[in-house]
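Chemist: Please work out how this folds:
(chains A and B)
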2 protein chains.
Amino acid sequence: MTNLVNSLGLNISITEAGIGITRRPDLAVLSFKKPVHIVGLFTKNKIVASPVKCCKDNLRIHKQPRRIAIVVNSGCANSCTGQQGDETCKNVVKHLAGKLELEFEQVFPFSTGEILKQLPEKKMLYGIDRALESPHHTFEEFAESIMTTDTVKKIASQNLQINGKLHTVIGVAKGSGMISPNMATMLAYVFTDIPIELDDFKDLHREVCNHTFNSITVDGEMSTNDSFIGVCPAFGESNDKSEMISTSNNHWPIICQAYEKVCNELAVKIVEDGEGATRIVELKVEHAFSFQDADRVARGVANSPLVKTAIFAADPNLGRILSAIGACAISRFDENKISVQINEYEVIQNGSLVKGYEEKIARQHMTMKKIDLLISLGVGSASRKVMFCDLSYDYVKINSEYRT
Amino acid sequence: MTNLVNSLGLNISITEAGIGITRRPDLAVLSFKKPVHIVGLFTKNKIVASPVKCCKDNLRIHKQPRRIAIVVNSGCANSCTGQQGDETCKNVVKHLAGKLELEFEQVFPFSTGEILKQLPEKKMLYGIDRALESPHHTFEEFAESIMTTDTVKKIASQNLQINGKLHTVIGVAKGSGMISPNMATMLAYVFTDIPIELDDFKDLHREVCNHTFNSITVDGEMSTNDSFIGVCPAFGESNDKSEMISTSNNHWPIICQAYEKVCNELAVKIVEDGEGATRIVELKVEHAFSFQDADRVARGVANSPLVKTAIFAADPNLGRILSAIGACAISRFDENKISVQINEYEVIQNGSLVKGYEEKIARQHMTMKKIDLLISLGVGSASRKVMFCDLSYDYVKINSEYRT
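Modeler: Presented below is the predicted three-dimensional model:
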């Protein structure tokens, strides 16, 4: 970890700025004293929060490699806050840029929490000053400072050897509701001390996002603030361009693997911490005609309230699964070719109950904390994996008592 | 009502066939001794139950006008039951056709209840025999016999004068879960003694369906059995072709109105009886660029678990509404043109909170049993109305304890 912190020149500063209702650390500043590469992916919601607009702009105009800073607050999403929200966000960025002697476009702001609430500017500016007086915090503390309805902090890391040297990939995330395959009310940051060529880093980041954060769902909701950020050093240790790693490097596969492992672990933690979740399901839809078909069926089943309540009840209500499949707008479909397995127990074959099917056995499988659900459409070769959780009383409780 | 029963030659027979788990009247036979016109619309789910397949086939090959019979059972949906399900359904139809001296295609079967369960053929055939020995039941009793998770029976009627003669439109429906704008786990039957030209009757039926049953949602689910049937006499009282009513008739508008009123009342009753519903919302999306856009936003908001749990909590969580709008895949969108009203109380203007907005007032509006929600997208002239209910603990309870 020391390697990573050194090669990024990273310092994490955290404070209690009093943004939300409860008193807790809610403002983090991450400053990178060494030139880095930063890559980012954001929500596909048509309404985006002020900080997301600012981050996207800055990513576009920011000249890489350069020093950067990241500022994250919880307690307020600064979303749907109009011009005033945009201005507050800009003032926060300006203030931090001034403090750290950076240009405006070198600072990347993030907010998470309630929508439609104006971000309290004075508290933010004062909080930044106070945070900077409290440096040298840990990734664990950073993870804690960005939590909202999360019940556990989410952090994951992988070590790997490259040319005899130990390297690290570490990720920190928040998110438990408003989670859908198009990212989520989610902030995720992955840092590594492996110097990766910018274009390859972008591709890696996007590819991994599709397999991990874009493959989980809690409630099919897509927020206005979802952001997934990656940071790596822009130079090797000896500042030699030849040390930069690209797809042609022998170690590329293990780097991809480590990056994906970290993001996958974070994604799994988000689903496991899904609002009210008591059970998680790893759903694979296979033998679809196209990836789009597989994706639609996976989302359709994963977001069906009737499937989700059945899973909560450990009820092998296969009719609801079939009905949810049939409700999807897909291009190729043959009811008589559908098969379904629960934890490798075959339950549906050719669209009907398997001969000798025993509901007692299926019910036993459904009582597990983690269920593997395999749906084969039998009309092609495309597939899609999605991880989701059940719909319980507590989802309703958490989301109806959220502000009361 | 006597007029209606006479002009259709209608007889309703009901019995307890023991199809479901609980002992209750669960089998109804409606026989029409006079030649009628029958029209029908069915689920858009790609998986359709055996009786739906049979009804669609029979509607296609059935020569109109002719006598018909309708047979409905609750307690088993005969869906996803493969070849055996199709055969059982056909045997039921054949048996009833034989009993009533009708052709196969003159009998229309309907089933509602659990999916994936084989319909018990012997019980159905024996039940039909028993039902026919118990004729002269009422529409109320018919409504009761088709209930599943419904907590109230759903029936509505309208009287109207045509050329000094009293006519009736009467409707009976079931449905409370798996309700989505593409119809629902819903059976609905509308009968009238007004002799309407077949093609015009078809158009009227489809048009009214779009405004009523296709404009309600409980949980965004679409079942495999949804059916909406209309029946009217095929001849006037004196068997004179000139008595048939078409769109050119002076009374056409009041006929349409009466038909729509009946269906709307049934649709409202379905949402009010939505599984676990404590509040209903009449949502109008207006000033959309296209009907498709308006429809997508209406469904997106109406099916958002976060919006629905907020409504359960009487929480004016406007951020969730805006976020749900932004998540919809629509062609024209300008965040700064969105306005929102709750019961005519303006809360969002130009995408932000209205100046002087008071959450206390908004919260008061949200505590009402029926809420009017108006969303204006400000980018066109298309609109869409949808009625939906909240998501409460009881939705989870009903759907997780359904079979346990």
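Chemist: what's the closest non-adjacent residue to whichever residue of the stretch 251-400 of chain A sits closest to chain B?
Modeler: Shortest the stretch 251-400 of chain A-to-chain B distance, computed as Cβ to the nearest Cβ: residue-wise this is residue A:319, at 2.5 Å. Heads up, the C-betas are built off the backbone N, CA and C, glycines and all. Sequence neighbours aside, residue B:115 is the residue nearest to residue A:319 in space, at 2.5 Å (criterion: Cβ to Cβ, 6 or more residues apart in numbering or on different chains).
Chemist: can you pull the contacts of that neighbour?
Modeler: Residues near residue B:115 by Cβ atoms under 8 Å, 6 or more residues apart in numbering or on different chains: A:318-320, A:322-323, B:49, B:77, B:79-80, B:223-224.
Chemist: Selection in PyMOL covering whichever of the residues you listed are buried, please.
Modeler: Listed next is the PyMOL selection for buried residues among the contacts of residue B:115, using 16 or more other Cβ atoms under 10 Å in any protein chain shown:
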select buried, (chain A and resi 318+319+320+322+323) or (chain B and resi 49+77+79+80+223+224)
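Chemist: I'd like the contacts of residue B:115 as JSON lines, with secondary structure, pLDDT and distance to residue B:334 appended.
Modeler: Formatted as JSON lines, the contacts of residue B:115 follow (DSSP: H, G, I helix; E, B strand; the rest coil; pLDDT from 0 to 100; distance: Cβ to Cβ, whole Å):
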{"residue": "A:318", "secondary structure": "helix", "pLDDT": "90", "distance to residue B:334": "44"}
{"residue": "A:319", "secondary structure": "helix", "pLDDT": "87", "distance to residue B:334": "43"}
{"residue": "A:320", "secondary structure": "helix", "pLDDT": "87", "distance to residue B:334": "39"}
{"residue": "A:322", "secondary structure": "helix", "pLDDT": "92", "distance to residue B:334": "40"}
{"residue": "A:323", "secondary structure": "helix", "pLDDT": "88", "distance to residue B:334": "37"}
{"residue": "B:49", "secondary structure": "coil", "pLDDT": "93", "distance to residue B:334": "43"}
{"residue": "B:77", "secondary structure": "coil", "pLDDT": "91", "distance to residue B:334": "44"}
{"residue": "B:79", "secondary structure": "coil", "pLDDT": "91", "distance to residue B:334": "43"}
{"residue": "B:80", "secondary structure": "coil", "pLDDT": "86", "distance to residue B:334": "44"}
{"residue": "B:223", "secondary structure": "coil", "pLDDT": "80", "distance to residue B:334": "37"}
{"residue": "B:224", "secondary structure": "coil", "pLDDT": "87", "distance to residue B:334": "39"}
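Chemist: Of the contacts of residue B:115, which is the nearest to residue B:244?
Modeler: residue B:49 (33.5 Å; Cβ to Cβ).
Chemist: so the closest one touches residue B:78, yeah?
Modeler: Yes: look at residue B:49 against residue B:78 with Cβ atoms under 8 Å: they come within range, at 5.5 Å.
Chemist: any residues in contact with both of these two?
Modeler: Among the neighbours of residue B:49, those also in contact with residue B:78 (Cβ under 8 Å, 6+ apart) are B:85, B:111.
Chemist: number of nearby residues for the closest residue to residue A:332 other than its chain neighbours?
Modeler: Leaving aside its chain neighbours, residue A:332 sits nearest to residue A:289 (3.6 Å; criterion: Cβ to Cβ, 6+ apart). By other Cβ atoms under 10 Å in any protein chain shown, the residues close to residue A:289 number 18.
Chemist: just to revisit the earlier point, can you confirm the residue nearest to residue A:319 is in a strand?
Modeler: No: assignment of residue B:115 by DSSP: H, G, I helix; E, B strand; the rest coil gives coil, placing it outside any strand.
Chemist: State the distance from it to residue A:318.
Modeler: 8 Å (Cβ to Cβ, to the nearest Å).
Chemist: between these two, what contacts are shared?
Modeler: Overlap of the contact sets of residue B:115 and residue A:318 (by Cβ under 8 Å, 6+ apart) consists of residue B:80.
Chemist: List the buried residues of the helix or strand residue A:158 falls within.
Modeler: Using DSSP states H and E, residue A:158 sits in strand A:154-162. By neighbour count, with 16+ other Cβ under 10 Å as the criterion, the buried positions of strand A:154-162 are A:154-158, A:160.
Chemist: What is the nearest of these to residue B:295?
Modeler: residue A:154 (37.1 Å).
Chemist: is it true that the closest one touches residue A:273?
Modeler: Yes: taking contacts as Cβ under 8 Å, residue A:154 lies within contact range of residue A:273: 7.2 Å.
Chemist: Identify the contacts common to these two.
Modeler: With the criterion set as Cβ under 8 Å, 6+ apart, the overlap between the contacts of residue A:154 and residue A:273 is residue A:175.
Chemist: what stretches of chain A score poorly on pLDDT?
Modeler: Scanning chain A with the threshold set as pLDDT under 70 gives A:177-185, A:220, A:402-404.
Chemist: which parts of the lengthiest strand in it are buried?
Modeler: With secondary structure taken from DSSP state E, chain A has its longest strand at strand A:27-42. Of the residues in strand A:27-42, those scored as buried under the neighbour-count criterion (16+ other Cβ under 10 Å) are A:27-32, A:34-42.
Chemist: Kindly report the same for stretch A:121-131.
Modeler: Taking 16+ other Cβ under 10 Å as the basis for neighbour counts, the residues of stretch A:121-131 that come out buried are A:123-128, A:131.
Chemist: Tell me the helices and strands packed up against the strand or helix carrying residue A:143.
Modeler: When secondary structure is defined using DSSP H and E, the element that contains residue A:143 is helix A:139-145. The contact analysis (3 or more Cβ pairs under 8 Å, 6 or more residues apart in numbering or on different chains; DSSP states H and E) places helix A:139-145 against strand A:10-15, strand A:27-42, strand A:154-162, strand A:165-174.
Chemist: Quick one: residues in contact with that helix.
Modeler: A:1, A:12, A:14, A:24-28, A:30, A:72, A:74, A:153-155, A:170, A:172-174.
Chemist: what does stretch A:269-278 give?
Modeler: If you take Cβ under 8 Å, 6+ apart as the criterion, stretch A:269-278 is touched by A:149-152, A:154, A:156, A:173, A:175-177, A:179, A:184, A:186, A:213, A:216-219, A:280, A:312, A:369, A:387-399.
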